[in-house]
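Build me a model from this:
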Amino acid sequence: MFNNFIYFIIALLIYSTHQPSEISNFAAGETLALFCSLMLLFFFFTRLQFYRLEKRISKESGRLSACHCFDHKFNSIQTQQFVFALVLFAVDIHVLNLTYFFRDIAFFAAMPTLEALLFLGLFIAHFVIVWDCAHKSYEKLYMVSLSKRSYILSNLSFSVPVLVPWLLLSGIADIINALPFEMPKKILASPSGEIAYFLFFLFGLAVAGPLLIQKFWRCKPLEAGYMRSRIEFLCRRAKLEYADILYWPIFGGKMITAGVMGLIRQFRYILVTEALLQVLDFEEIDAVIAHEIGHIKKKHLLFYLLFMVGFLIFFYAVFDLILYAVIYSELLFRFISRSAMDHISVSPNIFSVIVILIFLIYFRYLFGYFMRNFERQADIYVYTLFDNAAPLISTFEKITANSGQPPEKPNWHHFSITERVEYLKKCEADKDWITRHERKVSRSLAAYLAGLMLIVGIGYYSDFGEIGKKTGVGLLIKTVQREIEANPGNAELYSILGDILCETGDDAAAIEAYEAFLRISPPDLNKDDARILNNLAWLYATCENENFRNPERAIVLALKAAELTDAPYILDTLAESCYVNGQFEAAVSAEKRALEQLKDGDRAYYEKQLKKFTDAAISEK
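All right, here's what the predicted structure looks like:
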């Protein structure tokens, strides 16, 4: 189930890193037909896979080896179909470009989070198809009686909360931007304000989030009685404070499991399922609760929060380095050279791939390593409260017997049951194994923090250090120039070079590169070329060195760009070009059109520009 967290976050990354296109790849009818065809094919293929498995389970049920084989097959089919769902979602967003057809809906333009929710709902629909098709196989394989509705809702309720932080964070930001107050917008638009907002929100949600999650899961308090009193006594003995002990209705409460969530006492909940209370004896339940207490005492939940923040720091620090490595690759430049895309359209796809790869490596391997070892640390915490771990070992044996899953089944976030039992038996024989693991966890955390600080230092030096800046940009310019020497007729390379030089402030060289692009390009320019015309017009209109200014050329280029597309930034350049040519009324008209086209972005900038042009027009009169 923890895999679903990763799938959902990858889906969010696929959507959020997509750069919306101003043109559709297919007509509306064609897009709808392709979308429906892909959904139907996905449904029929998924149904066929699970139908075949269901038939095999019916024929060979009863044999333990068959059960273990079918468990592996069931999980393999689920994983396969979940990955297909991600691929189809990426096709919907990046190939069918479904977001294009929602671009003119004012409601979504004002609240982008709602559009994102719509598309994430589409992704979740793919998963619901998988769970719907898997339900009968699940019932027969694990010999449980669970309605299809409960099965789907349990999977959803466990997976969807991972999106809640993003939903609240993004939704509140949308509301702030929609309100008629400039100060909050300016704070949120600044890098420091954005980071402060995120960290404040993250820690606030980490503290109070469990309250929302237990409501979402529809957890109910464990009734007063012997079992509740026993758990309360164990918590008092361990000096653990909490808000409540709750029934966890996941999969109808038929899983033998427990959990704990909450950083502080006021929002800390101990979760138990009905199956756990029914199948395990009192000593075994004590051992399971001791395991959960161990997570709190060892501050695992706090460390998980640290790893979340660490990922953001890690990503921010290394992204430019990785992107440089990709850009320096001759293969990539040759791909760009052969394609009809400019680097603006290629970059978002590269960005998406890099983000997803970094996310997978970090959470699947680094975070997974700490999760496994934290679980083992919680296992051996039972020795803090009890003399031996025999009840915990027998609990694992009952879980194996009741789940139908092989005890040696590998898991990225938990050691297998076999590995957990074997380690506990080692601790039974020699308590030094407890100390060894505690030392291993401490050293691993120290190594993680040291590595994170080192990466942050390298990233900072690369991004903000003078030598790092010069080296990175210098290498980038040399790489592009090398490709131009090898492919002098490739206009796209000149546009890339012009963009880089423009960012560095080398206006003269940027102008030369953009003019070279226009000389080499065919006369019938398209929408993608409007950006080049726009950049060159802006340089000619606003260049700090007046020797390179050319107002007349600026307005000619800006008008050509505006003929190709009426994007706000294009119209703003046209307005600026009219302004420097003394055509103030035309500047006002163009800027008003830019504001009308603006769906998101820095509205205050465009309003400031409009005021400048309006004042000039009034003064002229």
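
Now the strand or helix carrying residue 31: average pLDDT?
In this structure, residue 31 sits in helix 28-60 according to DSSP states H and E. Across helix 28-60, pLDDT averages out at 93.

after it, next one along is what?
Taking DSSP H and E as the definition, the helix or strand right after helix 28-60 is helix 64-90.

Distance from the chain centre to that next one, please.
Chain-centre distance of helix 64-90: 23 Å, with CA atoms, centre = their mean, to the nearest Å.

helices or strands next to whichever helix or strand comes after it in the packing?
With elements assigned by DSSP H and E, the helix or strand that comes after helix 64-90 is helix 106-110. Packing partners of helix 106-110 (3 or more CB pairs under 8 Å, 6 or more residues apart in numbering; DSSP states H and E): helix 112-142. For the C-beta atoms, the positions are set from N, CA and C on the backbone; glycine is no exception.

domain assignment for this protein?
Domains of the chain are assigned by automatic domain parsing as 299-380+430-464, 465-521, 528-621.

so where does the nearest residue to residue 408 once chain neighbours are set aside fall, helix or strand?
Nearest residue to residue 408, sequence neighbours excluded (CB to CB, 6 or more residues apart in numbering): residue 418, at 4.4 Å. In this structure, residue 418 sits in helix 417-429 according to DSSP H and E.

So for that helix, what gets flagged as buried?
Across helix 417-429, burial judged by 16 or more other CB atoms under 10 Å covers 417, 419-421, 423-424, 426-427.

Give me the contact list for that helix.
For helix 417-429, contacts defined as CB atoms under 8 Å, 6 or more residues apart in numbering pick out 375-376, 379-380, 383, 388-390, 392-393, 396-397, 399-400, 407-409, 414-415, 433-434, 437.

Buried subset of those residues, written for ChimeraX?
To isolate the buried members of the contacts of helix 417-429 in ChimeraX, using 16+ other CB under 10 Å:
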select :375,376,379,380,383,389,390,392,393,396,399,400,407,409,414,415,433,434,437
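
Identify the residue nearest residue 552 in space, chain neighbours excluded?
residue 581 (7.1 Å).

How many neighbouring residues does the one you found have?
16 (other CB atoms under 10 Å).

Now whichever helix or strand comes after the helix holding residue 418: average pLDDT?
Proceeding N to C from helix 417-429, the next assigned helix or strand is helix 432-464, under DSSP H and E. Averaging pLDDT along helix 432-464 yields 88.

what's the spacing between helix 432-464 and its chain's center?
24 Å.

Pull out the buried residues from it.
Under the neighbour-count criterion of 16+ other CB under 10 Å, helix 432-464 has 433-434, 437, 441, 448, 452, 455-456, 459, 462 buried.

Export only the CA atoms of the helix or strand harbouring residue 369, formatted as PDB.
Here residue 369 sits within helix 368-380, counting by DSSP H and E. Extracted in PDB, the C-alpha atoms of helix 368-380 (Å, rounded to 0.1, in the frame of the first residue of the first chain):
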ATOM      1  CA  GLY A 368      13.100   3.200   2.200                       C
ATOM      2  CA  TYR A 369      16.400   2.400   3.900                       C
ATOM      3  CA  PHE A 370      15.600   4.400   6.900                       C
ATOM      4  CA  MET A 371      12.000   3.200   7.000                       C
ATOM      5  CA  ARG A 372      13.200  -0.400   7.200                       C
ATOM      6  CA  ASN A 373      15.700   0.300   9.900                       C
ATOM      7  CA  PHE A 374      13.200   2.400  11.900                       C
ATOM      8  CA  GLU A 375      10.800  -0.500  11.800                       C
ATOM      9  CA  ARG A 376      13.500  -2.800  13.100                       C
ATOM     10  CA  GLN A 377      14.300  -0.200  15.800                       C
ATOM     11  CA  ALA A 378      10.600  -0.200  16.800                       C
ATOM     12  CA  ASP A 379      10.700  -4.000  16.900                       C
ATOM     13  CA  ILE A 380      13.600  -4.200  19.300                       C
END
